[in-house]
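**Student:** sequence and computational prediction follow.
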Amino acid sequence: MVQQGQTFELRRRGTNDQRLWAYRYRTGGRDSNRVQRGGFASEQDARDALERELERLRRERRITRRLTLSQLVDTYLDQHDVQPVTIEKLRYLLSKATAVFGDRKISELTSQEIAAWRMTLSPGYRFEATQALRQVLHRAVAWGMIDVNPAKVGVDNPVRRRKEQHPFESWPELEALAAAIGPRYGPMVLFAAATGLRPAEWIALEKRDVDRKERVVLVRRSFTRGQLKILKTEASTPSGAAASTGARRARPDQGR
């Protein structure tokens, strides 16, 4: 990351007691090396020299402030090392921002217009679409393309409160539904309700994941959008994850 840098007046003077100016910047984060150049006749000369130097460094690192949001999104997704299904979801969420700001240079985006755009989104996608935009612009900050994240500073993004659904008032109602469905698929309804597993989780279960003796189910995979995804880390699993296996434990009687 190349920081923005700053200009300042030197204590020493030039010939005929002339005021002298300098610039400085860090090559990376706060603890990185600091570069300083001085001896400019005016503050504007120092500022112009600083901008030329920073632009040179950006070109060396293939970084530019002139990328549009659409170009940044494509660049980010091309190097984002995650599952294809995650890339697909991110691309969909980011399309809501690129549809409005796609042709805008990222250095021109403001927090005020992003906050206004956020309120035009459907409540069902508002939080996730804003988080996706924040994620991409955060990388732009890390790459030195912009100095602050306009989708985060001054843009509130509270998690949407979801209403808890109670499609069944009692277990006899659920058991009656399972009986009506039949012996082949009915037990799956009871199993899903009793464990609280998501459909993507119980669809991906295998026989070895079920410990009948301990009455425990280990969730090691999920099946989403036609793809089987392995839960690799504790952070990627719901609460109650077993860190040694990256799997979630669910007891079939937890919902009763």
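**Tutor:** Yes, it's here.
**Student:** need the longest helix for this structure.
**Tutor:** When the chain is parsed with DSSP state H, its longest helix is helix 123-142.
**Student:** for it, which positions count as buried?
**Tutor:** 126, 128-130, 132-137, 139-141 (16 or more other C-beta atoms under 10 Å). Every C-beta, even on glycine, is put in place using the N, C-alpha and C of the backbone.
**Student:** moving C-terminal of it, what's the next helix or strand?
**Tutor:** Under the assignment DSSP states H and E, the closest C-terminal helix or strand after helix 123-142 is helix 171-181.
**Student:** okay, buried residues for that next one please.
**Tutor:** Buried residues in helix 171-181 (16+ other C-beta under 10 Å): L174, A178.
**Student:** now tell me what touches it from outside.
**Tutor:** F168, G186, P187, V189, L190, A193, R256 (C-beta atoms under 8 Å, 6 or more residues apart in numbering).
**Student:** now, which of the residues you listed sits nearest V216?
**Tutor:** Nearest to V216, judged by C-beta to C-beta, of the contacts of helix 171-181 is R256 at 15.3 Å.
**Student:** centre of the chain to the longest helix of the chain, how far?
**Tutor:** 6 Å (C-alpha atoms, centre = their mean, to the nearest Å).
**Student:** would you mind measuring from the residue nearest the centre of the chain to K89?
**Tutor:** Residue closest to the average C-alpha location in the chain (C-alpha atoms, centre = their mean): Q135, at 3.7 Å. Distance, Q135 to K89, using C-beta to C-beta, to the nearest Å: 12 Å.
**Student:** P187 too?
**Tutor:** From P187 over to K89 (counting by C-beta to C-beta), the distance is 31 Å.
**Student:** neighbour count: these two, which is higher?
**Tutor:** K89 (16 against 12; other C-beta atoms under 10 Å).
**Student:** which helix or strand contains the more buried one?
**Tutor:** Applying DSSP H and E, one finds K89 within helix 84-101.
**Student:** next, the buried residues of that helix.
**Tutor:** Under 16+ other C-beta under 10 Å, the buried positions of helix 84-101 are K89, L90, L93, L94, K96, A97, T98, F101.
**Student:** sorry, back to before: identify all contacting residues around the longest helix of the chain.
**Tutor:** Contacts of helix 123-142 (C-beta under 8 Å, 6+ apart): 1, 67, 72-73, 76, 90, 93-94, 96-97, 106, 109, 114, 118-119, 121, 146-152, 155, 157-160.
**Student:** if we use 6 Å, what do you get?
**Tutor:** Applying C-beta atoms under 6 Å, 6 or more residues apart in numbering, the external contacts of helix 123-142 come out as 1, 72-73, 76, 90, 93-94, 96-97, 106, 118, 121, 146, 149, 151-152, 157, 159-160.
**Student:** which of those count as buried?
**Tutor:** For the contacts of helix 123-142, buried by 16+ other C-beta under 10 Å: 72-73, 76, 90, 93-94, 96-97, 106, 118, 121, 146, 149, 151-152, 157.
**Student:** for D48, state which of the residues you listed is nearest.
**Tutor:** Comparing the buried ones among the contacts of helix 123-142 against D48 with C-beta to C-beta places I146 closest, at 20.2 Å.
**Student:** any quick PyMOL command for the buried ones out of the contacts of helix 171-181?
**Tutor:** The PyMOL selection below is limited to those of the contacts of helix 171-181 classed as buried (16+ other C-beta under 10 Å):
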select buried, resi 186+189+190+193
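**Student:** so where is the stretch 1-150 of the chain shaky, pLDDT-wise?
**Tutor:** 1-4, 28-32, 58-65 (pLDDT under 70).
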